[in-house]
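Asks: Sharing a model that was predicted from the sequence below.
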Amino acid sequence: MTSPILIQLDHSEGSLQRLIGLIERRGFHIDQLAVSNAGTHREVRVTVRGRDDGRCAEVLGRQIDRMIGARRVAPASSPHVEEAVPCPA
Amino acid sequence: MTTAASTLPKQNATPATVTGARLVVEALERQGVELVFGYPGGAIMPVYDALTSARFKHILVRHEQGAAFAADAYARVTGKAGVCLATSGPGATNLVTGIANAMMDSVPLVAITGNVASPLMGTDAFQEIDILGVTLPIVKHSWIVRDAADIPAVFAEAFHVAQSGRPGPVLIDLPKDVQVAAVAAAGFPPSPKEPAQRLDPAQLRRAESAISAAQRPLLYIGGGVRIANATQDVRAFARATGIPAVCTLQGLGALPPEWPGNLGMIGMHGLRAANEAVQQTDLLIVLGARFDDRATGQLAKFAPHARVIHIDIDAAEISKLRDAQIAITSDLRSALRALSPRPPKIDAWREQCIHAAAQHAFRYDAPGEDIYAPALLKELSERAGDSFIAACDVGQHQMWVAQHCRFSTPHAHITSGGLGAMGYGLPAGIGAKLAQPDADVVVVSGDGSFFMNIQELATLKRYDIPLKIVLLDNSSLGLVRQWQELFFDENYSEIDLSDNPDFVTVARAFGIDAFRISKREDVSAGIERLLAAAGPCLAHVVIDPRSNVWPLVPPGKSNSDMMHGDP
């Protein structure tokens, strides 16, 4: 299953490398990637696919959220972690 | 790492300006830094030039890895960011294991590296390495400073990032031209403020209801308790609710061993009563823990009957490995102070846990004349009392320390948990002792681990740091040997260290007092001599090479499948 994620990323040195490295290191393929300059930040549209059934895109989203200089803006309904969506066991 | 003197740049400051290197020193001073651990070299020489007038102290280690480990332990004990400093290239890469160690255990560490001058970056220049790229997966954040005028802001943000939320290591890379550049002396920005905690009342009430209704609840205490400085809050919560508790390796000390209902460490080398309680609990209350595989064993069979309340400051840990039915993303202190459940009616469960803990308590009556390391470590920690701090290396001795030592707080147990880095112990002990000089800091190492940073004995001597070292010598890589014995049909491969040098002679060559014990009857006197030593002292303790760590959950097995052996 693929999951699209839209991220606002600052222009700091290494930020794109940091983001892509995070996604792959956490066990996801990057199926699609588009980067555009939005002035004060970059917009990164990425479609990811877990390498195995144990990978949860929602957890990946929260790992992206904690990156300095990155802000996940989609999927929009995801940040309410207190009502965590169960991930595959 | 050194370089030719001919490459040294001139410092460019005029009376109206300040160099980048001087700004680095001022930035560290403004952060309240008292100690920096480091090693000079070509690309960081301007900073070392400025260091001579710094108000903080620099500790010259003998290998950059030692600097990172010492700064890491300093941070664990003080709760403030540790700082390490190295040059470019090999100096920077020698920090990498220490940075990774800090990342795995959520330790606030500020690593500062020099780099070649900006025009040379990307040209494969002498001692050039892309340390920002190398360390991307193992830092919380990192910066290359391209303009000396940015140094105040970068350092303020770096210390804030390292120490806020879930702490972690950061890296600041300083090209040499930035260090020598002259910029107008400008003000330093205030450190960013920590955002106020936002607790969800609905989740708190759900947690309280679940706790009150539980029949077999269990506290699962992790390293977050130390990081959040929440020991007293955990104890108050445990006291108020009467809920039994287990600890991860990093959570040890949150409750003292004598605490009724403290079942001790869980996991691969956990206590049987602790592992069994997890398998029976119906409500696991997770306090700053991350379901590490060494703690859970086979995850699918971990706490099979339990609902989970997970309290953690890092939202990314919630449901990462185990679904949380109730998640509270918060600083532990705030969350625990906001929780006031009606105490559950669990007298029978509590009695069952306490009975199991007594029934499966470790015994220290192993037969024979050889020194029994668990008994020695227990006696050592009890003799030192509440001032005891253990700085462990990695191997069998690390697990014996976790199983048998008494820790009065989580800050008293300094161990490389997530990374499991051999060589951590001695530099970590240096950092811990400098952080808390009044404590009885004891390095517990093995003959394998000790060699990995043995050069730091010179640091001990140079600064006359009264650190104590217990070197448990089984003439082998004991934990690897144990696994080869149990899981590789006794096919012993490259674990024999019987050609070790005479460690007493080695220590004395560094100017460190040292002695050897090899018989059980000499243990008490040896401990007394070690603890009474005025300066640094090493006790070389010869133990049986066939000693194993028990109990043991085989890799990949459930925590209910524990192996037990003779002590």
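Replies: Ah, there it is.
Asks: All the helices of chain A, residue numbers only.
Replies: Here chain A has its helices, by DSSP state H, at A:15-25, A:57-65.
Asks: Identify, out of these, the most deeply packed stretch.
Replies: For those, ranked by mean neighbour count under the definition mean count of other Cβ atoms under 10 Å in any protein chain shown, the leader is helix A:57-65 at a mean of 21. All C-beta atoms are positioned from the backbone trio N, CA, C, and that covers glycine.
Asks: Show me how far it is from its chain's centre.
Replies: 6 Å (Cα atoms, centre = their mean, to the nearest Å).
Asks: Equivalent analysis for stretch B:33-44, please.
Replies: Worked out by Cα atoms, centre = their mean, stretch B:33-44 lies 21 Å from the chain centre.
Asks: just to revisit the earlier point, what's the closest of the helices of chain A to residue A:51?
Replies: Proximity to residue A:51 (Cβ to Cβ) singles out helix A:15-25 among the helices of chain A, at 9.2 Å.
Asks: can the closest one be found next to chain B?
Replies: Yes - Helix A:15-25 reaches chain B (Cβ under 8 Å from any Cβ of the partner chain) through A:17, A:18, A:21, A:22, A:25.
Asks: Give me the residues contacting the worst-scoring helix or strand of chain A on mean pLDDT.
Replies: Taking mean pLDDT, DSSP states H and E as the measure, the helices and strands of chain A show their lowest mean at strand A:70-74, namely a mean of 85. With Cβ atoms under 8 Å, 6 or more residues apart in numbering or on different chains as the test, strand A:70-74 has contacts from A:4-10, A:15, A:19, A:61, A:64-65, A:78-79.
Asks: Now with 10 Å, please.
Replies: With contact meaning Cβ atoms under 10 Å, 6 or more residues apart in numbering or on different chains, strand A:70-74 is reached by A:4-10, A:12, A:15-16, A:18-19, A:22, A:41-45, A:60-65, A:78-79.
Asks: coming back round to it: out of the helices of chain A, which comes closest to residue B:27?
Replies: Residue B:27 lies closest, by Cβ to Cβ, to one member of these: helix A:15-25, at 22.6 Å.
Asks: re the thing from before, turn the helices of chain A into TSV, columns for mean pLDDT.
Replies: Below are the helices of chain A laid out as TSV (pLDDT from 0 to 100):
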stretch	mean pLDDT
helix A:15-25	97
helix A:57-65	93
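Asks: Now tabulate those helices in a markdown table and tack on distance to residue B:104.
Replies: Putting the helices of chain A into a markdown table (distance: least, Cβ to Cβ, whole Å) gives the following:
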| stretch | distance to residue B:104 |
| --- | --- |
| helix A:15-25 | 14 |
| helix A:57-65 | 15 |
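Asks: out of those helices, nearest to residue B:109?
Replies: Closest approach to residue B:109 among the helices of chain A is made by helix A:15-25 (17.8 Å; Cβ to Cβ).
Asks: Restricting to C-alpha, output the closest one in CSV.
Replies: This file holds the C-alpha atoms of helix A:15-25, laid out as CSV (Å, rounded to 0.1, in the frame of the first residue of the first chain):
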residue,chain,number,x,y,z
SER,A,15,17.3,19.1,4.9
LEU,A,16,16.2,17.2,1.8
GLN,A,17,18.9,14.6,2.3
ARG,A,18,17.8,14.3,5.9
LEU,A,19,14.2,13.7,4.9
ILE,A,20,14.9,11.2,2.2
GLY,A,21,17.3,9.3,4.5
LEU,A,22,14.7,9.2,7.3
ILE,A,23,12.1,7.7,5.0
GLU,A,24,14.4,5.0,3.6
ARG,A,25,16.0,4.3,7.0
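Asks: helices and strands around that helix, which ones?
Replies: Here helix A:15-25 touches strand A:2-9, strand A:28-37, strand A:42-50, helix A:57-65, strand A:70-74, helix B:131-135, strand B:141-144, going by 3 or more Cβ pairs under 10 Å, 6 or more residues apart in numbering or on different chains; DSSP states H and E.
Asks: Distance of the closest residue to residue A:28 other than its chain neighbours relative to residue B:509?
Replies: Nearest non-adjacent residue to residue A:28, counting by Cβ to Cβ, 6 or more residues apart in numbering or on different chains: residue A:48, 4.1 Å away. Using Cβ to Cβ, to the nearest Å, residue A:48 is found at 56 Å from residue B:509.
Asks: Who has more neighbours out of those two?
Replies: Between residue A:48 and residue B:509, counted using other Cβ atoms under 10 Å in any protein chain shown, the more crowded position is residue A:48 (25 against 13).
Asks: Let me see the contact set for that one.
Replies: Residue A:48 neighbours (Cβ under 10 Å, 6+ apart): A:1-5, A:23-24, A:26-33, A:55, A:57, A:60-61, A:64.
Asks: circling back to that earlier point, enumerate the positions of the least confident helix or strand of chain A that are buried.
Replies: For strand A:70-74, a neighbour-count test (16 or more other Cβ atoms under 10 Å in any protein chain shown) marks A:70, A:72 as buried.
Asks: Among the helices and strands packed on helix A:15-25, which comes closest to residue B:425?
Replies: Of all those, helix B:131-135 comes closest under Cβ to Cβ, at 23.2 Å.
Asks: Could you list every helix and strand that that closest one packs against?
Replies: helix A:15-25, helix B:90-93, helix B:96-104, strand B:109-115, strand B:141-144, strand B:169-175.
Asks: Redo these as TSV? Include distance to residue B:265.
Replies: Shown next, in TSV, are the helices and strands packed on helix B:131-135 (distance: least, Cβ to Cβ, whole Å):
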stretch	distance to residue B:265
helix A:15-25	29
helix B:90-93	34
helix B:96-104	18
strand B:109-115	25
strand B:141-144	32
strand B:169-175	26
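Asks: just those: most buried one?
Replies: The highest average neighbour count among those, using mean count of other Cβ under 10 Å, belongs to strand B:109-115 at a mean of 29.
Asks: Give me the sheet partners of that one and which way each runs.
Replies: As defined by DSSP bridges, the strand partners of strand B:109-115 come to strand B:82-86 (parallel), strand B:169-175 (parallel).
Asks: Restricting to C-alpha, output the first one in CSV.
Replies: Extracted as CSV, the C-alpha positions of strand B:82-86 are listed here (Å, rounded to 0.1, in the frame of the first residue of the first chain):
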residue,chain,number,x,y,z
GLY,B,82,27.6,17.6,27.2
VAL,B,83,30.0,19.2,24.7
CYS,B,84,32.7,17.5,22.6
LEU,B,85,35.1,19.1,20.2
ALA,B,86,37.2,17.7,17.4
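Asks: Quick check: which ranges of chain A have low pLDDT?
Replies: Along chain A, segments meeting pLDDT under 70 span A:76-89.
Asks: gap between residue B:542 and chain A?
Replies: 43 Å (Cβ to the nearest Cβ, to the nearest Å).
Asks: Who are the contact partners of that residue?
Replies: Per Cβ under 10 Å, 6+ apart, neighbours of residue B:542: B:370-371, B:447, B:471-475, B:503, B:516-519.
Asks: Shouldn't it be within a strand?
Replies: Yes - under DSSP: H, G, I helix; E, B strand; the rest coil, residue B:542 falls within a strand.
Asks: For it, list each beta-bridge partner.
Replies: Beta-bridge partners recorded for residue B:542 (DSSP bridges): residue B:473.
Asks: Could you tell me how far it is located from residue B:504?
Replies: From residue B:542 to residue B:504 the distance is 11 Å (Cβ to Cβ).
Asks: what sits in contact with each of these two?
Replies: With Cβ under 10 Å, 6+ apart as the test, residue B:542 and residue B:504 both reach B:471, B:516.
Asks: tell me the contacts of residue A:25?
Replies: Going by Cβ under 10 Å, 6+ apart, residue A:25 touches A:63, B:136, B:137.
Asks: Please identify the buried residues of stretch B:390-406?
Replies: By 16+ other Cβ under 10 Å, the buried positions in stretch B:390-406 come out as B:390-406.
Asks: hmm, I was thinking of stretch B:511-520
Replies: Buried residues in stretch B:511-520 (16+ other Cβ under 10 Å): B:512, B:513, B:514, B:515, B:516, B:517.
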